[in-house]
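K.L.:
attaching a predicted model along with its sequence, questions to come.
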Amino acid sequence: MLFKNLSIRVKLILIIQLVSLSSLLIGFTYVIFSNIGSYKEDLKNNTIINATLIGEYCAVSLDFDVSENAVETLEKLQNIPSVDVGIVYNSGNEIFAEFYKNGEKVLISNTNNSNQWEKFDTNYLNVYRPITYNNNKVGSIFLRVSTNELSKKIRNYVVTMFVLLVILIFINYILAFWLQKILSGPILNLTKATKEISKEGNYQLRVEKQGNDEIGLLVDEYNKMLQQIYEREDALKQRSIELSKTLGDLEETQEKLVNSEKLAALGQLVAGVAHEINTPIGAIRSSIGNIKGALLYVLNEYPKFIIHLPENQKLVFTKLVKESLSQKQMLTSKEEREQKRMILSTLEKNQIDNAYFYADSFVDMMIFDNIESYLDIVKAEDSEAIFNIAYKITGLQRSIDNIDFAADRASKVVFALKNSSRINNYDEQTLTDITEGIENVLILYNNQIKQGIEVYRTYEKIPKILCYSDELNQVWTNILHNAIYAMDLQGKLDIKLYTDNTYVIVSITDYGKGIPPNEIDKIFDPYFTTKPTGEGTGIGLFISKDIVEKHNGKILVESKPGKTTFSVYLPINGSNKE
């Protein structure tokens, strides 16, 4: 009865709202459950792909029983935030290489007899895949991925969809309210536009068409008439504006091309620098996490532990800790396994239960000799707790050493980046060490160089010269980038610095594919490039030549198949053009 008493406008709004709300609820429910399933499937597929790729990288190492490459490959899992555990097993189902996100080992059950499997637990996705080499199974890989991000993503998605539903309901109400005005709206708009055009003479004004009925046709013809008037009036203005704009566009395009070449080189450097800095930062973060966990554990457990430890065991425990803290040597994975086998043999001869655990603990603490002297605490009733305390205490020193090494490595990269990117705001020349500039650029390109390029340096003692150091860094960057590109990250790079009576000479030789004879005379021309479309603008060497000539120097090139040499001559005195 109440519905009958409502106005037609309100009835129309209610009907549209009810129909739309029903459709939205059904559609949103289907989309939410469908996407949740897709999110889980994507996580599973990505993890399987990662496991397969890592397995392929480790296959050769497993076949030849050399685990260094496998360990290095697993360490790259640090860059995948969701991966908590990665373990590579050999063909005997023994641990070959392992990775733990927080640096602390986690007991992983590997009792599933299936050749390959994946399973979602409460907070993790576990994936197990075989590793084959030459069609033979050489091992297997286990990855455990945290599903916390997946759960968070699903929650955020559901909340977003709910907010979107509320917004769509509100929008639907606005549309329903607007529809009832659809008949009177076009006529009112046409009347309003006519008044404004008559008053202001603005022929750019257009009336919005809201349908294809008779009113819509009238609006079309009205807009066409306004357009014709506007075009005739605007034609003369546009012709004069276009000429001046064309000249400005040409100048702007030239400037953008020069900047794009500099940005391209910067992009290459940033990619390498990011990798070089992220690696030690990751090591620092991991070590800090180890220190925090170990320190908290030691502070809580050590006082209770040491009070109840018998006096004879205290002496052995103290010796164990001191011996571990004094060790500074680094072993390869193969050497660690050999030491572990010898220690395991010694413990088994002495009939020690859980000998594998103690052998692993001795190796982790870098203790390889006189194992018999520690048998008192190995045979103690709470021996595992004793070794756990010792491992935590000595782990603090190992983590500090890791932080010190990583910080030193990162500081070298940052120092090189700072020195190679100094900008002379006052356009003044400064006394500059050319050797230092080249070395800074080499450090920044270390990520590409270390993939397979051998760098040979022949540096004579050369004087500092007066120059624009930041611009010369651009020259070294362009030449070295081209050399690395020409060798496809594999080969030999020869750099020589020497002087004659007039010049400091920098010679950079790559043993890449070389420059074709018909192109060598064009390489310094602007916009000429031998790189594929999208990988170069063709003005890097043009800019380099301009910078060298600005210093009253010269740049020469010699090339044949398999060898290309760029030689830069910079005046020892008076490098600035008058």
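P.N.:
Sure thing, it's come through. Everything numeric in this text was worked out from a predicted model, so none of it was measured.
K.L.:
going forward, measure contacts and count neighbours with C-alpha atoms only.
P.N.:
Fine.
K.L.:
mind listing the helices for the stretch 451-578 of the chain?
P.N.:
With DSSP state H, counting those that start in this stretch, the ranges of helices along the stretch 451-578 of the chain come out as 469-486, 540-550.
K.L.:
how about those in CSV, adding mean pLDDT and mean neighbour count?
P.N.:
What follows is the helices of the stretch 451-578 of the chain, written out as CSV (pLDDT from 0 to 100; neighbours: other CA atoms under 10 Å):
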stretch, mean pLDDT, mean neighbour count
helix 469-486, 86, 21
helix 540-550, 86, 20
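K.L.:
in the stretch 51-200 of the chain, which spans are helices?
P.N.:
Counting by DSSP H, counting those that start in this stretch, one finds helices in the stretch 51-200 of the chain at the ranges 68-75, 148-179, 184-200.
K.L.:
which of those is buried the deepest?
P.N.:
Mean neighbour counts were taken over the helices of the stretch 51-200 of the chain using mean count of other CA atoms under 10 Å, and the top value, a mean of 19, falls to helix 68-75.
K.L.:
what sits up against that one?
P.N.:
I54, Y57, C58, S61, G86, V88, A97, E98, F99, T332, S333, K334 (CA atoms under 8 Å, 6 or more residues apart in numbering).
K.L.:
PyMOL command to pick out the buried ones of the residues you listed?
P.N.:
Restricted to the buried members of these, where burial is judged by 16 or more other CA atoms under 10 Å, the PyMOL selection command reads as follows:
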select buried, resi 54+57+58+61+86+88+97+98+99+333
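K.L.:
of the helices of the stretch 51-200 of the chain, which is nearest Q448?
P.N.:
When the helices of the stretch 51-200 of the chain are ranked by distance to Q448, counting by CA to CA, first place goes to helix 68-75 at 17.0 Å.
K.L.:
restricting to C-alpha, output the closest one in PDB.
P.N.:
What follows is the C-alpha trace of helix 68-75 in PDB, where atoms were taken according to Å, rounded to 0.1, in the frame of the first residue of the first chain:
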ATOM      1  CA  GLU A  68      79.000 -23.500  -4.200                       C
ATOM      2  CA  ASN A  69      76.800 -22.500  -7.200                       C
ATOM      3  CA  ALA A  70      73.800 -24.100  -5.600                       C
ATOM      4  CA  VAL A  71      74.400 -22.200  -2.400                       C
ATOM      5  CA  GLU A  72      74.800 -19.000  -4.300                       C
ATOM      6  CA  THR A  73      71.600 -19.600  -6.300                       C
ATOM      7  CA  LEU A  74      69.600 -20.300  -3.100                       C
ATOM      8  CA  GLU A  75      71.000 -17.100  -1.600                       C
END
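K.L.:
what about it, average pLDDT?
P.N.:
With pLDDT averaged residue by residue, helix 68-75 scores 81.
K.L.:
related to what we said a few turns ago, for N123, state which of the contacts of helix 68-75 is nearest.
P.N.:
The nearest member of the contacts of helix 68-75 to N123, counting by CA to CA, is G86 at 16.0 Å.
K.L.:
let me know the average pLDDT across the host helix or strand of I389.
P.N.:
Counting by DSSP states H and E, the secondary-structure element that holds I389 is helix 383-420. Predicted confidence along helix 383-420 averages 63 (mean pLDDT).
K.L.:
next one: stretch 32-50
P.N.:
Per-residue pLDDT values over stretch 32-50 give a mean of 83.
K.L.:
one step back: turn the helices of the stretch 451-578 of the chain into TSV, including distance to S507.
P.N.:
Supplementary listing: the helices of the stretch 451-578 of the chain in TSV, determined by distance: least, CA to CA, whole Å:
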stretch	distance to S507
helix 469-486	10
helix 540-550	14
